[in-house]
Each structure stands twice: as C-alpha cells, then as structure tokens.
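1. Curious how this folds, go ahead:
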Amino acid sequence: MVIILFGAPGVGKGTQAVLLAERLNIAHLSTGDALRQAIANGTEVGALAKRYVDAGDLVPDEVVTRIVEETLALPQYGAGVILDGFPRSVAQAEALDSILAQHKKEITHVINIGVDNEEIINRLLMRGRKDDTEEIIRHRMNVYNSETAPLLEYYGRLDGTLKNIDGNADVEAVYSRIRTIFS
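-> The predicted structure is shown next:
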C-alpha cells in the first residue's frame, strides 16, 4: 500500500499521516524528516543535500528523489508507506512511479486535503514560527499552486486513486473523513 497525502502547506498532512500510519500499521515517510536524517547520517546523498540546505537553496528534485528512493528501500517501508511532502512536482511524481515500478508497487491512494486559503494563512500564523509571516505564507502558497497543485491532474488520471477530503475542520473530523476511504 502506497498512500500520498497531498495538500497545501498548513492543511495538516503531517498530523493526518501520523494518525493514519498508526491505524493502518504502515510507515510514515516525511520527506523533510528523511532529508534531515540523510544529512545527519552523512550519507553521500545527504552530504549533497546539505550543500543546498547550508546555502539556503531548495534541494533539487534529483537529490530529494534519491533520498526518498534510499529511504523506501529500508525494511520498515516494505509493508507500505504514507508519503508526506513527496512528490512536490510532476518530475518527482514521474520519478516515484519509476521507483515503485522497480519494487513492483503502485500508488493505492492519493488523498488531497483541501483547506480554504484564508484558513491556511490563519493556521500557519497561529503556529507562531518566525518564518511564518503572512508574506512568506502567501509566497509558499503561490509556489504550491504553480508547482505542486498540477499533480492533482497528474494523479487524477489514475482511476479512483485520487480522493478529495474537506480539511476545513478540526483534526478529528478530518481524520474521520480520511478513515472512510479505508472502511
């Protein structure tokens, strides 16, 4: 089982991934966590990623994809995985398709958590992180809309795989909506 949790920054993908992973008894792969782990472990691809991170640059698709590929090869991901934060572009989605084909796996569910833009801004501002200013949040949303949102069309071509969930609710209500997909 390969599940992709999808949605703009601040919709609650990470929170829902943790809950769903526990319920389904499969691993949760946060791309950000995998990236930090590869850097901390000093792997070859981690060292490459570190150069970009230290320079304040985005880690390129090829590097992120290699990190995801190496992580998915670990035993704990054999029974299934919930991907959170990957793919973020059509190029990454195509690379994921290739990785999964090599392991004779396929995407079983793409769950798109939709939340109103103003609600996202309010949620992120309430987190209180210093990099969560309204200007930065709006920029991140624009990047999401231009680079990541086209994946909805990409995954929409897979019969019945893409499910849209209304994320304009509290954590438990959204989780309940997601659970119905697996009932």
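2. Now do the contacts for Thr108.
-> By C-beta atoms under 8 Å, 6 or more residues apart in numbering, the contact set of Thr108 is 1-3, 161. In this view, the C-beta of every residue, glycine as well, is placed from N, C-alpha and C.
3. can you rerun that using 6 Å?
-> For Thr108, the contact set (C-beta atoms under 6 Å, 6 or more residues apart in numbering) comprises 1-2.
4. any idea how far Leu100 is from it?
-> According to C-beta to C-beta, to the nearest Å, Thr108 and Leu100 sit 10 Å apart.
5. what's the closest non-adjacent residue to Val2?
-> Excluding the flanking residues, the one nearest Val2 by C-beta to C-beta, 6 or more residues apart in numbering is Ile107, at 4.9 Å.
6. didn't that neighbour look like it was pressed against Met1?
-> No: counting by C-beta atoms under 6 Å, Ile107 stays clear of Met1, with 9.3 Å between them.
7. quick one: pLDDT of Lys130?
-> pLDDT, the model's per-residue confidence, is 85 for Lys130.
8. And for the one 4 residues further on?
-> Note for Glu134: predicted pLDDT of 93.
9. Count the residues that sit near it.
-> Around Glu134 sit 11 other residues, with neighbours defined as other C-beta atoms under 10 Å.
10. got it, and Glu119?
-> Residues lying near Glu119 (other C-beta under 10 Å) number 14.
11. you'd agree it is in a helix?
-> Yes: assessed by DSSP: H, G, I helix; E, B strand; the rest coil, Glu119 belongs to a helix.
12. helix or strand right after the helix or strand bottoming out on mean pLDDT in the chain?
-> Sorting the helices and strands of the chain by mean pLDDT, DSSP states H and E puts helix 134-143 at the bottom, at a mean of 90. Toward the C-terminal end, the helix or strand that comes next after helix 134-143 (DSSP states H and E) is helix 151-156.
13. and for the helix or strand that that next one is followed by, what are the contacting residues?
-> Downstream of helix 151-156, the next assigned helix or strand under DSSP H and E is strand 162-166. Residues from elsewhere that reach strand 162-166 (C-beta under 6 Å, 6+ apart): 110-114, 155-156, 177-178, 181.
14. Great, nothing more from me.
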